[in-house]
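got a predicted structure plus its sequence, pasted below:
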Amino acid sequence: MNRIIRESRPADVPEIMLVMEAAKKIMRSSGNMHQWADGYPSEAVIASDMEKHGGFVIEEAGRIVGYFAFLPSPEPTYLNIYDGAWLDDTQSYHVIHRIASYPDAHGIFSDIMDFSFKHDTNIRIDTHKDNHIMQHNIMKHGFAYCGIIYLANGDERLAYQKLSIQKQ
């Protein structure tokens, strides 16, 4: 499987939105009924990722099969963490948001982790308490559960961090 991760472009938005819809179906079928509701993530959210040069697509055989946002700190919703603490709260970090893929595109999370840790050794991520698939992937890849954060709209998320020593 030969995949390419590249920065997304405005022309990719229609395909990205199809990937988002597929990811929502995966969430709903696994019992995650509330995450990514009410039109989220919208085209405007994806455009915002792109404006920050933080929106990325995963291509396989010339087809977009996945999307994620990889954004530098600070992440405003991570300023306060409850019932826990970040592993390190002094260094800069990158945050991964909006991971989405088609159900037949296996290994996307691993591809995203490989990409992310090539660019930073301090990564934070969060997910909904009902997103058991994402929680499994996060823990499988060595992240530590750090506590609870709240999104700007007040929704609760489980927060994780991984510090890695980059190989030269």
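Now that the structure is in, tell me what you want to look at.

so the residue nearest the centre of the chain: helix, strand or coil?
Residue closest to the mean C-alpha point of the chain, counted by C-alpha atoms, centre = their mean, is residue 97 at 2.9 Å. Counting by DSSP: H, G, I helix; E, B strand; the rest coil, the backbone at residue 97 sits in strand.

please begin residue numbering at 57 from this point
I'll keep to 57 as the first residue from here, and by that count the last item is residue 153.

my guess is it contacts residue 124. True?
Yes - at 7.2 Å, residue 153 counts as touching residue 124 under the criterion of C-beta atoms under 8 Å. From N, CA and C alone the C-beta is placed, and that goes for glycine too.

average pLDDT for the top strand by length along the chain?
For the chain, the strand with the greatest residue count under DSSP state E is strand 119-128. The pLDDT scores in strand 119-128 average 98.

distance between it and the chain's centre?
Relative to its parent chain, strand 119-128 has a centroid offset of 8 Å by C-alpha atoms, centre = their mean, to the nearest Å.

for residue 197, see how far away residue 149 is.
For residue 149, the distance to residue 197 (C-beta to C-beta, to the nearest Å) stands at 16 Å.

between those two, which has more neighbouring residues?
Ranked by neighbour count (other C-beta atoms under 10 Å), residue 149 and residue 197 place residue 149 first, with 22 against 19.

spatially nearest residue to the more buried one, not counting backbone neighbours?
Among residues not flanking residue 149 along the chain, residue 178 sits closest, at 4.0 Å (C-beta to C-beta, 6 or more residues apart in numbering).

dump the residue contacts of that neighbour.
Contacts for residue 178 were tallied using C-beta atoms under 8 Å, 6 or more residues apart in numbering; they are 144, 147, 148, 149, 150, 217, 218, 219, 220.

try 10 Å
Neighbouring residues of residue 178 by C-beta atoms under 10 Å, 6 or more residues apart in numbering: 129, 142-144, 146-151, 217-220.

out of the residues you listed, which end up buried?
For the contacts of residue 178, a burial check counting by 16 or more other C-beta atoms under 10 Å picks out 142, 143, 149, 150, 151, 217, 218, 219.
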